[in-house]
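In: have a look; sequence and predicted model below, questions after that.
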Amino acid sequence: MARSRNIKPSIMENEDLAELPPVARLLFVYLWMLADREGRLEDRPKRIAGRALPYDREVDVDDLLNQLVGAGFITRYTVGEMALIQIINFAKHQSPHVRETASELPGIEQGTTKEVTKHNLGSAEASPRSPDSLFPLPDSLLPGSDADASVVASNSLAPCPQQEILGLYANELPDLAQPRVWNGAREKNLRNRWAWVLADLKKKDKPHDKTAGLVFFQRMFAYIGKSDLLMGRSGKWSASLPWIVEAENFAKIIEGNYENREAA
């Protein structure tokens, strides 16, 4: 069921959205109307096509949704047998009516992100790192550029959802050692990496709310799962979450140092 939403004129000034074809931009705007008050809707391309683009019968809505994923505007994920869509930064742009029915759909933290080919933004915007990476790679995440809790406060960024990230780690990487204790330096390092990522995304005017952060970590964990070295498939050593969230190790993972190459 379509709902009333606020559409600001400035949406068409978004440079990333401008990289997409006009029909994809129109679809994105209409997804806001189909989404519930949490920015979620069922991922059913044929139904979405019938409601959002009823007169554009030749349009491949599934492909358009994948383009929106690649550009960082939505996330496609599954919970059990249910396919779902989360509109990133929905709460930043929409203020649903207080009487609107609460969401009955499970959130992204309960599911598994669907892997799609990232939208190519062109040579000026494309990442210089591996095109096979399954998570967005902020360009300024370099060793030594540490952040702390003050970054979260000073930039009004979402606080680190520690337990939800631990849940994503357990879901994506069950074969790695699972931490039994999470406090002290471990908690601080994860908080720092979270602030590090969101601050960089915000600087680039990318989605940088809680959902965007969780998407980053979920894709990063999925990426780690493909590394023989980090998973211990090429030797006795394997990574762990406390090791992953240390600044130097986190940066090396992002820079692609463990993409199925033997350690030096």
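Out: Ah, there it is. Owing to the predicted nature of the structure, the values given are computational and were not obtained by experimental measurement.

In: quick one: buried residues of the longest helix along the chain?
Out: Counting by DSSP state H, the longest helix found in the chain is helix 184-203. For helix 184-203, the neighbour count (16 or more other CB atoms under 10 Å) marks 186, 189-202 as buried. Every residue, glycine included, has its C-beta placed from N, CA and C.

In: give me the element the residue nearest in space to the middle of the chain is part of.
Out: With distances taken as CA atoms, centre = their mean, the residue of the chain nearest its centroid is Val215 (2.4 Å). Val215 is located in helix 210-224, with elements delineated by DSSP states H and E.

In: mind listing what's buried in whichever helix or strand comes after that helix?
Out: Using DSSP H and E, the helix or strand that follows helix 210-224 towards the C-terminus is helix 228-231. When burial is assessed from 16+ other CB under 10 Å, helix 228-231 yields the following buried residues: 229-231.

In: redo those as CSV? Include distance to Ala52.
Out: CSV is the format used below for these (distance: CB to CB, whole Å):
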residue, distance to Ala52
Leu229, 44
Leu230, 40
Met231, 40
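
In: out of those, who's nearest Gln162?
Out: Comparing these against Gln162 with CB to CB picks out Leu230 as the nearest, at 21.4 Å.

In: quick one: contacts for that closest one?
Out: Counting by CB atoms under 8 Å, 6 or more residues apart in numbering, Leu230 makes contact with 224, 238-239, 253, 258.

In: neighbours around the nearest residue to it once chain neighbours are set aside, how many?
Out: Take Leu230 and drop its neighbours on the chain: the residue closest to it by CB to CB, 6 or more residues apart in numbering is Ala239, 4.3 Å away. Using other CB atoms under 10 Å, Ala239 has 19 neighbouring residues.

In: ok, now Leu241?
Out: Around Leu241 there are 21 other residues, counting by other CB under 10 Å.

In: wait, doesn't it sit right on Tyr169?
Out: Yes: with contacts counted by CB atoms under 8 Å, Leu241 reaches Tyr169, the gap being 5.2 Å.

In: overlap in contacts of the two?
Out: Shared contacts of Leu241 and Tyr169, defined by CB under 8 Å, 6+ apart, comprise 176, 178.
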